[in-house]
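how would this look folded up:
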Amino acid sequence: MTGEFTIAVHAVVYLNHKQSMLSSEEIAANVCTNAARIRKVLAKLKKADLVLTKEGLEGGYYLPEQAEETTLCQILEAIRELPVSVNWKSGSIDMDCQVASGMAAIMDDIYEQMNLACKEQLKQTKIKDIDQRIFG
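Predicted coordinates for the structure are as follows:
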């Protein structure tokens, strides 16, 4: 998982807290990143209808009604990330060793099971739950 998930969750929680339209600059200041990165992440959330936008000088980002019911899994899926992903695999399917030739497939299965478990956990947490943790 990359930092985009953290940015997305932070931005949605902040938008929910403010209950108003905010510019990417305002959101970026709260998240402590740059506005271009915010726009990149929020574009993915907009495509999934988790964030709404208004164009123009008075425009910005805002949340649809009932946004506090959005789950962290919905956010993860909107940014198209997996909780666990790897770029490298050990061994080779062409090697004459059962361990070397079989490890990549075994590890892929383990990662898939971890991703399913993480997604199930993320389905249990909503934006309103994070608000509750912050504001008590």
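
look up how far Met103 lies from Trp88.
12 Å (Cβ to Cβ, to the nearest Å). Heads up, the C-betas are built off the backbone N, CA and C, glycines and all.

burial measure for Asp131, as a count.
Here the number of neighbours of Asp131 (other Cβ atoms under 10 Å) works out to 14.

that one: what secondary structure?
Assigned by DSSP: H, G, I helix; E, B strand; the rest coil, the conformation of Asp131 is helix.

so it touches Asn16, yeah?
Yes. Assessed by Cβ atoms under 8 Å, Asp131 is found in contact with Asn16 at 6.5 Å.

which neighbours do those two share?
Residues touching both Asp131 and Asn16 by Cβ atoms under 8 Å, 6 or more residues apart in numbering: Glu68.

where do the strands of this protein begin and end?
52-54, 60-62 (DSSP state E).

chain center to the last one: distance?
When you say that, I think you mean strand 60-62. Centre-to-centre, strand 60-62 and its host chain are 18 Å apart (Cα atoms, centre = their mean, to the nearest Å).

state the distance from the residue of the chain positioned farthest from its centre to Thr33.
Taking Cα atoms, centre = their mean, the residue of the chain most remote from its mean C-alpha position is Asp96, at 40.4 Å. Here Asp96 is placed at a distance of 49 Å from Thr33 (Cβ to Cβ).

most tightly packed of the strands of the chain?
Per-stretch averages of neighbours, counted by mean count of other Cβ atoms under 10 Å, single out strand 60-62 among the strands of the chain, with a mean of 20.

so which elements touch the biggest helix by length in the chain?
Ranked by residue count under DSSP state H, the longest helix found in the chain is helix 98-123. Helices and strands touching helix 98-123, as assessed by 3 or more Cβ pairs under 8 Å, 6 or more residues apart in numbering; DSSP states H and E, comprise helix 72-78.

pull the helix it packs on out as CSV, backbone CA atoms only.
Extracted in CSV, the C-alpha atoms of helix 72-78 (Å, rounded to 0.1, in the frame of the first residue of the first chain):
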residue,chain,number,x,y,z
LEU,A,72,-12.1,2.5,4.5
CYS,A,73,-12.5,-0.5,2.1
GLN,A,74,-14.5,1.7,-0.3
ILE,A,75,-11.7,4.3,-0.2
LEU,A,76,-9.0,1.6,-0.8
GLU,A,77,-10.9,0.2,-3.8
ALA,A,78,-11.4,3.7,-5.2
